[in-house]
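> pasting the sequence and the predicted model now:
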Amino acid sequence: MINDEDIKSNNNDNEKLIYIKDRAVRNFIMSYLGGRTVSKRSIFFAAEKQFGTFKTDSFKDDNILKSKLSDLLQDLVEENLITKTEKGYSVSEGNREDLELFESFKSAVNKQGGRFFEIYSVNLLTAFFKLTKRKVISAKVIGGSDDGGIDGEIDTEDYLGFKDKVLLQAKNRENIKVSTKEVREFYGVLCVNQGSRGIYITTSEFHPDADDFIHTIDNCVGIDGKKIFDLAKMTGYGLINENGNYKIDDSVINSNGQGVL
């Protein structure tokens, strides 16, 4: 959101600006709207609080955020993801139904607890790797009091024979966002354990700074609640499609984590 020119201006004018990416703002808008109609003014005030631009002495990052927010709201309207009315912005009806299912799905997973989520995460990602034609050599849940920061390990091999040791950190949370500190610690554990790839998976969200940081690591990715939801639909693990409509698969979500795939 702040380009190189802005950063140079920051250095010259001694301004302390907040760095925010478009991706984070888009995710915030969709999450903040939920199932209600909200005015543009309210969205902006909430965005200032979310990204912390109101804390800086400069108004420059506030203005950049406001401009970018306007552009992204228009983009989301054109993509039919949200609807604009005289009362404000809301999630489009088709997407609202998806959002309601997402909230129900997330709530159902949250209720099952941490151990279930560790097992579910290994199963879900195993299903994804198989769907994308990777051979799964082994998949195991490691989580526990002595897990050393690793909740799961999946060893995979592609068609050419390249192998990956994928290490997981799984956090079943309702509202607490993953911090940059937690991502840094996980990356350290990934390196110590010689994992070739790392996945930090959580039912909640990543703090904007943590999201930015994890995107700087080539062999580590973050998966939040919404991406878990998408993976569940993609793999059919946790959500099933009946005549074009998705619903929660109780045999998976209420299974108390029976066995790894």
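Right, received. Where do you want to start?

> quick one: low-confidence parts of the stretch 101-250 of the chain?
143-147 (pLDDT under 70).

> okay, helices next: where are they in it?
Assigned by DSSP state H, counting those that start in this stretch, the stretch 101-250 of the chain shows helices spanning 180-192, 208-214, 225-235, 250-253.

> please name whichever of those is nearest to residue 33.
With CB to CB, the closest approach to residue 33 among the helices of the stretch 101-250 of the chain belongs to helix 225-235: 13.2 Å. C-beta here means a position set from N, CA and C on the backbone, and glycine is covered the same way.

> so which elements touch that closest one?
Using 3 or more CB pairs under 8 Å, 6 or more residues apart in numbering; DSSP states H and E, the elements in contact with helix 225-235 are helix 93-131, strand 239-242.

> with distance to residue 183 and mean neighbour count as extra columns, can I get those in TSV?
Converted to TSV, the helices and strands packed on helix 225-235 look like this (distance: least, CB to CB, whole Å; neighbours: other CB atoms under 10 Å):
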stretch	distance to residue 183	mean neighbour count
helix 93-131	16	18
strand 239-242	27	14
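
> could you export the ones you listed as JSON lines, including distance to residue 213?
Output for the helices and strands packed on helix 225-235, formatted as JSON lines (distance: least, CB to CB, whole Å):
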{"stretch": "helix 93-131", "distance to residue 213": "21"}
{"stretch": "strand 239-242", "distance to residue 213": "30"}
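
> would you turn the helices of the stretch 101-250 of the chain into JSON lines with mean neighbour count and distance to residue 125?
Formatted as JSON lines, the helices of the stretch 101-250 of the chain follow (neighbours: other CB atoms under 10 Å; distance: least, CB to CB, whole Å):
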{"stretch": "helix 180-192", "mean neighbour count": "17", "distance to residue 125": "15"}
{"stretch": "helix 208-214", "mean neighbour count": "20", "distance to residue 125": "16"}
{"stretch": "helix 225-235", "mean neighbour count": "19", "distance to residue 125": "8"}
{"stretch": "helix 250-253", "mean neighbour count": "15", "distance to residue 125": "14"}
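
> minimum distance to residue 186: which of the helices and strands packed on helix 225-235 has it?
Closest approach to residue 186 among these is made by helix 93-131 (13.5 Å; CB to CB).

> quick one: list the elements packing against that closest one.
Packing partners of helix 93-131 (3+ CB pairs under 8 Å, 6+ apart): strand 135-141, strand 152-157, strand 163-171, strand 197-202, helix 225-235, strand 245-248, helix 250-253.

> name all residues that make contact with the closest residue to residue 232 other than its chain neighbours.
Distance criterion CB to CB, 6 or more residues apart in numbering; nearest residue to residue 232, sequence neighbours excluded, is residue 238 at 3.8 Å. Shown in contact with residue 238 (CB atoms under 8 Å, 6 or more residues apart in numbering): 105, 109, 120, 124, 232, 248-249, 252-253.

> reformat those as JSON lines; add distance to residue 242.
Output for the contacts of residue 238, formatted as JSON lines (distance: CB to CB, whole Å):
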{"residue": "105", "distance to residue 242": "15"}
{"residue": "109", "distance to residue 242": "20"}
{"residue": "120", "distance to residue 242": "21"}
{"residue": "124", "distance to residue 242": "20"}
{"residue": "232", "distance to residue 242": "14"}
{"residue": "248", "distance to residue 242": "11"}
{"residue": "249", "distance to residue 242": "10"}
{"residue": "252", "distance to residue 242": "15"}
{"residue": "253", "distance to residue 242": "16"}
